[in-house]
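Enquirer: whatever this is, show me its structure:
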Amino acid sequence: MDNLVKVHGGGGYDSDFSDDDTGESSNRGLKRKSEADILQKPFQKGSRQQVAHRSFHSNELDREEAINRRAHLISMNAFERHKKFVGDYILYYGGHMANLKRSTANDKTDHDVLRENHRFLWRDEDEEDMTWEKELAKKYYDKLFKEYCIADLSRYKENKFGFRWRVENEVVSGKGQFQCGSKRCEKQEGLRSWEVNFAYVEHSEKRNALVKLRLCPECSFKLNYHHKRKEVTAKKKNKRLSEENRDSPEKKRKRKDKGRKKKRSSSHTKKNKRKEKREYSTSSSSENSDKDSEDEDQSDDQSETSHWRGPAPAVEEKSREEEFDEYFEDMFL
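Expert: Next up is the predicted model:
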């Protein structure tokens, strides 16, 4: 019996096949592991051979619950989120909603800030120590149009008037310039321009400003109920200059001839007076008069010949800006 099986302590092995079987089994295990690594996907988790701990389970539940709560809060707007937090606070800590209500006594809107810090006219002194409220009022003031005013004439019998500058919509519609500048009047005929010294009290300080108004006859009566205001009219142009520019050169010559005749007649009258007063100096006065007459004749001849020496003087043409200024002169009274 060459091939014998040895048994030690209840276990035995085959002495002929033990080495070969262990080598093959190790090679097979390596092949299986390599195949499993190749077939495993990158997002696939490894199989757990042991049961997870209780703390791991609770952490996973908390993480999922936090994700759900975050998604729920994101879906709500700010007011609903605020109400939820307040409700949770009252639910956990107790109390009432009235205890958490905020006081609105000191709340201010932009309109309230403008009313408190608005100024009819801003000076250099007012722009010192600027706060954000004053900057807001100054920014609103810069957007106003300060050519004409809008007037409140409801208390004209008390000699109290309210004035303010125009806004953009009123400038576009023509309110205060092509329509009556009264707050509750929209007439467009018979408008007259008035210049008023507006005295007012602002921030416990007395001030005055010269403003312009365009009012209809009825509103003008209300404005001048106590005393007459200054009316602004268009400036009258010099008619003589306009007539001289329009006249032909022949008319200009006739005017010059008339002026010369007047000068001669005035010189003769002066001579006669001198003769009556000073009879003893008749010879000297006659010689001087002859010289004066000769000088005048020479100057007249030179002036007449000067018209024919060269071309007529060129008339300066007005630029486009000057024409626009003349056109808009009557519009801004």
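
Enquirer: residues near Leu223, how many?
Expert: Other residues within reach of Leu223, judged by other Cβ atoms under 10 Å, total 21. C-beta: built from backbone N, CA, C; applies to glycine.

Enquirer: kindly apply the preceding question to Leu213 instead.
Expert: 27.

Enquirer: export stretch 146-154 to CSV, keeping only CA atoms.
Expert: This file holds the C-alpha atoms of stretch 146-154, laid out as CSV (Å, rounded to 0.1, in the frame of the first residue of the first chain):
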residue,chain,number,x,y,z
LYS,A,146,-37.4,125.7,-13.9
GLU,A,147,-38.5,128.0,-16.7
TYR,A,148,-42.1,128.5,-15.7
CYS,A,149,-44.1,127.6,-12.5
ILE,A,150,-47.4,125.9,-11.8
ALA,A,151,-49.5,128.0,-9.4
ASP,A,152,-52.2,127.0,-6.8
LEU,A,153,-54.6,130.0,-6.7
SER,A,154,-57.3,128.4,-4.5
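
Enquirer: pLDDT of that stretch, averaged?
Expert: Predicted confidence along stretch 146-154 averages 92 (mean pLDDT).

Enquirer: for it, buried residues please.
Expert: Across stretch 146-154, burial judged by 16 or more other Cβ atoms under 10 Å covers 148-151, 153.

Enquirer: which member of those is positioned nearest Glu321?
Expert: Tyr148 (22.9 Å; Cβ to Cβ).

Enquirer: wait, is that closest one part of a strand?
Expert: Yes. Using DSSP: H, G, I helix; E, B strand; the rest coil, the assignment for Tyr148 is a strand.

Enquirer: contacting residues around it?
Expert: Counting by Cβ atoms under 8 Å, 6 or more residues apart in numbering, Tyr148 touches 166, 176-177, 181, 212-214.

Enquirer: dump these to CSV, plus pLDDT and distance to His118.
Expert: Converted to CSV, the contacts of Tyr148 look like this (pLDDT from 0 to 100; distance: Cβ to Cβ, whole Å):
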residue, pLDDT, distance to His118
Arg166, 93, 15
Gly176, 91, 19
Gln177, 90, 23
Gly181, 92, 20
Lys212, 92, 20
Leu213, 92, 20
Arg214, 92, 23
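
Enquirer: one step back: now tabulate the buried residues of stretch 146-154 in JSON lines and tack on distance to Glu205.
Expert: Below are the buried residues of stretch 146-154 laid out as JSON lines (distance: Cβ to Cβ, whole Å):
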{"residue": "Tyr148", "distance to Glu205": "25"}
{"residue": "Cys149", "distance to Glu205": "20"}
{"residue": "Ile150", "distance to Glu205": "23"}
{"residue": "Ala151", "distance to Glu205": "22"}
{"residue": "Leu153", "distance to Glu205": "25"}
